[in-house]
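Novice: Pasting a predicted model and its sequence here:
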Amino acid sequence: MTDSRLRSGHQPLDEVLGGGLPANGISIIMGLPGTGKTIVAQQYTFRNARPDRPAVYFSTLSEPLEKILRFGQTLGFFDTSAVGTSVFYEDLGLVAGRDGLAGVGDHVAAVLKQRRPGLVVIDSFKALRVLADGDAEFRQFLHQLAGRLTAFPAASLWVGEYEADEVALSPEFAVADAIVELATVPLGQREQRFLSVRKLRGSGFRSGQHGYRLTAEGLHLFPRLADIPAAGRYTLGDQRIPSGIPGLDPMLDGGLWPGACTMVAGPAGSGKTVMGLHFIFGGAQHGEPGVIATLQENPTQLQRMLGGLGWPMVHPAVEVMYRSPVDIYIDEWVHELLETVERTGARRVLIDSLLDVRMAAVEETRFQEFMYSLVQRFSRQDISLFTTYEMPSLVTGQSASGVAMSHVSDNVIMIDYHHDHGTLKRSLAIIKTRASGHTTDMCEFRLGPDGITLSGTATSGGEPARLADGPAVRDHGVSR
């Protein structure tokens, strides 16, 4: 092959592999049964096979060749017309049973000489171990086979049901130029698939676990979102934008900075989602397209809520991206959100809610990493982000510092209930603003047909309302 990389035909996978697998090297695709190794191998096969440089797919002792072919035909990329012209299937199991490892090596050499392939796949390579009388014989076979394969300008994929600890023990991994691991990992009550690059000789690659799904079109990869801090500075807008919430902008010293991340936290039913909808539809009125990424309200529920507030469910400047939190890959969700924002040209994004995203991530570190990267990416693009987070009432004593994402949010708004002469009322307080002043008043607000209406300083029994056990908020000041 003239290209130094073997492409998969799936751009995200090629990007994780630093451009692709070595075009003239040996790559191992490892993983337990059911992780998709054969699908990936066939994906590479049909992507790279050409009549002048065909692909040869060797089956061994794990799965019969007929089964591999029958399953392959259910995949969207399987091209029946290519079989026998640019893709050739060979059954090494028969040769292995009759002539052992020596016969396998000789047969592979004969096929290489006859077909002169650009790609050789052996599935399963691990199954050949049982043919050796001992470690010395298998190492000798491995040495001879690797020499025969590298003598031709061809890529080799060795597929095997290897476990993670075998990488350090099995000699084939020392021979391999690249090692790609596929794994199914239990996360709480769910299972998620991850791809990891364990080795890629002479090349850079994206480290870590990358989520993937298996479909009829093959493996779909969602690269881990991990933004490296930008080397240089980037320009942010210097004109404040309206929040869309009547009465809030004066409390924020004139509005929000473009590209900022604002989080509103509070108990259930306190008005977090409505506040986020004000942000989105207020932006749409000023010519700023928006995306509502909701894991809380399904389209029917959201339509009822919007109808009650006089906002249309279908708006030319607003797109709704609903995903169920029951079966969600945070990797997939993040990439879908980024694609939606790019396609719509959105300048504002609402994520409702962070608690669901946090549960989908399962691991706290993974959640923080994804959200930090997302906030940084939106900030560089001058896209304003608004997030909601459900938490207990402030009277329980939980502070803003204990809320996920508060440390990477530019603005933090807390909303809560308070009692005023036996009546339950809602109140709002701005806890944090970055590079901006803000009022320290705790403001009462109402939810009505027009959405949120701020109505002055909150009181509790005739006195200014208190935040947790802190002092009564009476003054009006700024913080930087």
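Specialist: Sure thing, it's come through. Numbers count the residues shown, from 1 in each chain.
Novice: where do the helices sit along the chain?
Specialist: Per DSSP state H, the chain carries helices over the ranges 11-16, 37-48, 65-72, 92-115, 135-150, 172-175, 272-285, 299-309, 330-344, 354-361, 364-380.
Novice: Does anything pack onto the third one? Which helices or strands?
Specialist: Packing partners of helix 65-72 (3 or more CB pairs under 8 Å, 6 or more residues apart in numbering; DSSP states H and E): helix 37-48, strand 55-59, strand 87-91. Where C-beta positions appear, they are placed from N, C-alpha and C, glycine not excepted.
Novice: Please identify the most buried of these.
Specialist: Burial of these is given as mean neighbour count (mean count of other CB atoms under 10 Å); strand 55-59 ranks first at a mean of 26.
Novice: Does anything pack onto it? Which helices or strands?
Specialist: helix 37-48, helix 65-72, strand 87-91, helix 92-115, strand 119-123.
Novice: contacting residues for Leu374?
Specialist: Leu374 makes contacts with Leu225, Val334, Leu337, Leu385, as judged by CB atoms under 8 Å, 6 or more residues apart in numbering.
Novice: Could you rerun that using 7 Å?
Specialist: Leu225, Val334 (CB atoms under 7 Å, 6 or more residues apart in numbering).
Novice: Considering only helices and strands, which part of the protein has the lowest mean pLDDT?
Specialist: Within the chain, no helix or strand scores below strand 463-464, which has a mean of 48 by mean pLDDT, DSSP states H and E.
Novice: circling back to that earlier point, of the helices of the chain, which is nearest Glu390?
Specialist: Judged by CB to CB, the one of the helices of the chain that comes nearest to Glu390 is helix 354-361, at 5.0 Å.
Novice: Residues in contact with the closest one: which ones?
Specialist: Contacts for helix 354-361 (CB under 7 Å, 6+ apart): 295-296, 325, 328, 330, 351, 367, 370, 387-390, 404-405.
Novice: Of those, grab the buried ones for PyMOL.
Specialist: PyMOL command restricting the contacts of helix 354-361 to the buried ones, with burial defined by 16 or more other CB atoms under 10 Å:
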select buried, resi 295+296+328+330+351+367+370+387+388+389+390+404+405
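Novice: Tell me which of the contacts of helix 354-361 fall in strands.
Specialist: Judged by DSSP state E, strands contain the following of the contacts of helix 354-361: Ile351, Thr387, Thr388, Tyr389, Glu390.
Novice: how about JSON lines for those residues, with pLDDT and distance to Gly208 added?
Specialist: Conversion of the ones in strands among the contacts of helix 354-361 to JSON lines gives the following (pLDDT from 0 to 100; distance: CB to CB, whole Å):
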{"residue": "Ile351", "pLDDT": "96", "distance to Gly208": "22"}
{"residue": "Thr387", "pLDDT": "95", "distance to Gly208": "24"}
{"residue": "Thr388", "pLDDT": "94", "distance to Gly208": "28"}
{"residue": "Tyr389", "pLDDT": "92", "distance to Gly208": "26"}
{"residue": "Glu390", "pLDDT": "89", "distance to Gly208": "29"}
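Novice: In TSV: the residues you listed, plus distance to Thr38.
Specialist: Output for the ones in strands among the contacts of helix 354-361, formatted as TSV (distance: CB to CB, whole Å):
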residue	distance to Thr38
Ile351	37
Thr387	41
Thr388	43
Tyr389	42
Glu390	43
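Novice: between those residues, which is closest to Pro246?
Specialist: Thr388 (18.7 Å).
Novice: Please name the residues that touch that closest one.
Specialist: Listed by CB under 7 Å, 6+ apart, the contact set of Thr388 reads Val264, Lys272, Thr273, Gly276, Asp352, Ser353, Leu354.
Novice: Can you pick out the most distant pair from those?
Specialist: Maximum distance among the contacts of Thr388 (CB to CB): 12.2 Å, for Thr273 and Leu354.
Novice: Show the contacting residues for the residue positioned nearest the centre of the chain.
Specialist: Among the residues of the chain, Asp331 comes closest to the average C-alpha position under CA atoms, centre = their mean, at 1.3 Å. Going by CB under 7 Å, 6+ apart, Asp331 touches His210, Gly211, Phe222, Arg224.
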